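1. fold the following and give me the result.
(one chain, ligands or ions: 1)
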Amino acid sequence: MSNIAPYPSSDAAAGFLDALRALRRDSGPLPGLAPDSYARDHAAFERLSDQRGLIAEHLAARLAAMGDGPISVLSVGCGDGSLDVRLAAGLVERLSGEPVRYVGIDPWPGSVELFNARMAALTTAELSVDAHVASFGDAPVDETFDVVLFVHSMYYVADVGATLRSALDLLRPGGELWVAVAPSAALNALVGVLAPPLEGHRQWFSADVEKAFVDGGIAVDDVATLAALVDLASAGDEVLDFAVQARLTPELYGTVRAYLDAVSVPGTDGRLRVPHPVDVFAATRR
Ligand SMILES: C[S@@+](CC[C@H](N)C(=O)[O-])C[C@H]1O[C@@H](n2cnc3c(N)ncnc32)[C@H](O)[C@@H]1O
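-> Numbers count the residues shown, from 1 in each chain. Coordinates of the predicted model:
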């Protein structure tokens, strides 16, 4: 798993987190993000980050390592399909003529509509696409896949262990499960302090997913950590809400921005950015 220094990384950052805890003490949970604004603010967040490109390259390399034959992929929590359409386009181009099956699942109808529209723009006879508006546990999937992937969706499931087992059941023997999930590092320390609980549980991070693999007796083939950076100094309030996974109240923004500043590091252009690494777990259906 990611070999990242524990956060907060400085006394100043720790002080800002304590100040946020103090501001929230004796208050109820902040409101969560509504599905329509979640998808819009997520897209704005991604525009300030290099992470999606890193994930796309990493997963495309993994797909290439699976060979040149027909392939089927299930993307759980596909969102608006921005990432999946890149992966599907790469498969169609590389496998020239071989069948590619690509299925998305997401509980938010607006996102599934966008997923379908993006995939429809890749019109080729070899590509067959389906999407289900459903939570993973309720999706009517009656086929098996070469790859099942969760990109930033494992945070939200009720039970990580049960989800991993169900995902493995949807793979053909030898098929691969890939789970991309953030560690609870600098950025997500804010989620821990500010995000409301989700249907009775907190958001799950890498350590929770690793534990669920171990507890479930599921061998992990490898874990790759992709070191991404996001430019939150230029982010609007809605993007900060997405980053902390809560609708912030006006008195919180100043301290959140001060915390983000304190945990920022210089990017290659010298501009300060917030580290937001992602761990990609890979396991094979035996
Ligand atoms: C951060 S977005 C990631 C979207 C996409 N995979 C990407 O990387 O751009 C998380 C997605 O997971 C979806 N989601 C939340 N709970 C889910 C569940 N129980 N089953 C499937 N998807 C879920 C959300 O609706 C959202 O679209």
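2. for the nearest residue to Pro99 once chain neighbours are set aside, give me its contacts.
-> By the measure of CB to CB, 6 or more residues apart in numbering, the closest residue to Pro99 outside its immediate chain neighbours is Pro70, 4.3 Å from it. All C-beta atoms are positioned from the backbone trio N, CA, C, and that covers glycine. By CB atoms under 8 Å, 6 or more residues apart in numbering, the residues touching Pro70 are 95, 98-101.
3. swap in Gly81?
-> Shown in contact with Gly81 (CB under 8 Å, 6+ apart): 104, 111, 114-119.
4. now, which of those residues lie close to the ligand?
-> Ser111 (CB under 6 Å from any ligand atom).
5. can I get the buried part of the contacts of Gly81 as one ChimeraX selection?
-> Remark: buried members of the contacts of Gly81, expressed as a ChimeraX selection using 16 or more other CB atoms under 10 Å:
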select :104,111,114,115,116,118,119
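6. how about the contacts of Pro70 in a markdown table, adding distance to the ligand and neighbour count?
-> Conversion of these to a markdown table gives the following (distance: CB to the nearest ligand atom, whole Å; neighbours: other CB atoms under 10 Å):
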| residue | distance to the ligand | neighbour count |
| --- | --- | --- |
| Leu95 | 22 | 19 |
| Glu98 | 24 | 14 |
| Pro99 | 23 | 14 |
| Val100 | 18 | 23 |
| Arg101 | 18 | 19 |
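7. make CSV out of the residues you listed and add pLDDT and secondary structure.
-> Listed next are the contacts of Pro70 as CSV, based on pLDDT from 0 to 100; DSSP: H, G, I helix; E, B strand; the rest coil:
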residue, pLDDT, secondary structure
Leu95, 95, coil
Glu98, 96, coil
Pro99, 97, coil
Val100, 98, strand
Arg101, 98, strand
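8. and the two most separated of those?
-> Leu95 and Arg101 (11.4 Å; CB to CB).
9. shared neighbours, the two?
-> Counting by CB under 8 Å, 6+ apart, the common neighbours of Leu95 and Arg101 are 70-71.
10. in space, what's closest to Ala13 - neighbours in sequence excluded?
-> Closest to Ala13 by CB to CB, 6+ apart is Ala262, at 4.1 Å.
11. that neighbour and Asp11 touch, don't they?
-> No - Ala262 lies out of contact with Asp11 (CB atoms under 8 Å); the separation is 9.0 Å.
12. if you count what's nearby, which of the two comes out ahead?
-> Each of Ala262 and Asp11 has its neighbours counted (other CB atoms under 10 Å); Ala262 has more, 19 against 9.
13. gap between the helix or strand where that one lies and the chain center?
-> Using DSSP states H and E, Ala262 sits in helix 250-263. Distance of helix 250-263 from the chain centroid (CA atoms, centre = their mean, to the nearest Å) equals 23 Å.
14. please apply the same query to stretch 57-64.
-> Per CA atoms, centre = their mean, the centroid offset for stretch 57-64 relative to its chain is 16 Å.
15. buried residues in it?
-> For stretch 57-64, burial by neighbour count (16+ other CB under 10 Å) applies to 58-60, 62-63.
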